[in-house]
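Participant: below is the sequence, then the predicted model.
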Amino acid sequence: MKPDLEALRRDYQLGQLTEEAAGADPTALFGQWLKDAADAGQLEPNAMTLATVDTMGRPHARIVLLKGQREREFLFYTNYLSHKGEELLATPQAALCFWWDQLERQVRVEGSVEKLSDAENDAYFQERPYGSRLGAWASAQSQVIESHEVLTRAIEELKTTYSEAVPRPSHWGGYALTATRIEFWQGRSSRLHDRLDYEFAGGHWNRVRRSP
């Protein structure tokens, strides 16, 4: 029996977000909120929705993992030949959304996207577990396959080819989304949530409070 969606409600009461507490630098606040989520035991605190658009202007969204943050740059990795890779090639703009239910918090990030350098990609790829490195070779991401066995057979063959060192496939690598907008959302009672919206313009961040 499916849940009664109209009756599903939660009154958020865990916290509040003031301008004084938020500060002027949203990247520093994001780092603190990410740490808070990890400390709270949030499952995959670095999980984020990545939204892109295709050449027809149709939006697409999926969950990926944040694998680095440096100032305004948010880093993630994927197969460049995947659907998301094709969409980012055609339209190098994207949006991210983090949801941390343990803290009743959400963060939205928007900006332009560029590929990382080969050196950066190689360095990160070699930090991945052995199985994940093989998986980057085995999976033609987003392509139609007959069954899961296609992948398991490919992995077994790759174990023979790459018994130890696994080079990075040229079609696999990372992106940096350079944020031009970061919005912080803190759940509040009676749906009167806090929303602090930062926009980068003129070399600095401007902040406004938005109505929920």
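Facilitator: That came in fine, so what should we check first? Computed from a predicted structure; not experimentally measured.

Participant: from now on I want contacts and neighbour counts done on CA atoms only, so please keep to that.
Facilitator: Noted.

Participant: which residue packs closest to Asp25, ignoring adjacent ones?
Facilitator: Closest residue to Asp25 apart from its sequence neighbours, by CA to CA, 6 or more residues apart in numbering: Trp205 at 7.0 Å.

Participant: Glu73 now?
Facilitator: Thr178 (4.5 Å).

Participant: ditto for Ser139
Facilitator: Residue nearest to Ser139 in three dimensions, not counting chain neighbours: Leu151, with 6.7 Å by CA to CA, 6+ apart.

Participant: after the host helix or strand of the one you found comes which helix or strand?
Facilitator: Applying DSSP states H and E as the criterion places Leu151 in helix 149-161. Using DSSP H and E, the helix or strand that follows helix 149-161 in sequence is strand 172-186.

Participant: which other helices and strands contact that following strand?
Facilitator: strand 73-79, strand 105-115, helix 118-125, strand 194-201 (3 or more CA pairs under 8 Å, 6 or more residues apart in numbering; DSSP states H and E).

Participant: which one of those lies closest to Tyr12?
Facilitator: Ranking the helices and strands packed on strand 172-186 by their distance to Tyr12 (criterion: CA to CA) puts strand 105-115 first, at 9.7 Å.

Participant: what packs against that closest one?
Facilitator: Secondary-structure packing of strand 105-115 (3+ CA pairs under 8 Å, 6+ apart): strand 93-100, strand 172-186.

Participant: quick check: phi and psi on Leu29?
Facilitator: For Leu29, the backbone dihedrals (degrees, to the nearest 10) come out as phi -60, psi -40.

Participant: pLDDT averaged over stretch 108-118, what's the number?
Facilitator: For stretch 108-118, the mean pLDDT works out to 98.

Participant: which residues touch it?
Facilitator: Residues outside stretch 108-118 that contact it (CA atoms under 8 Å, 6 or more residues apart in numbering) are 88, 92-98, 173-184.

Participant: which pLDDT value does the model give the residue of the chain most remote from its centre?
Facilitator: Within the chain, Thr160 marks the point farthest from the mean C-alpha position, 33.2 Å out by CA atoms, centre = their mean. In this model, Thr160 is scored at 91, pLDDT.

Participant: same question for Lys2.
Facilitator: For Lys2, the predicted pLDDT is 89.
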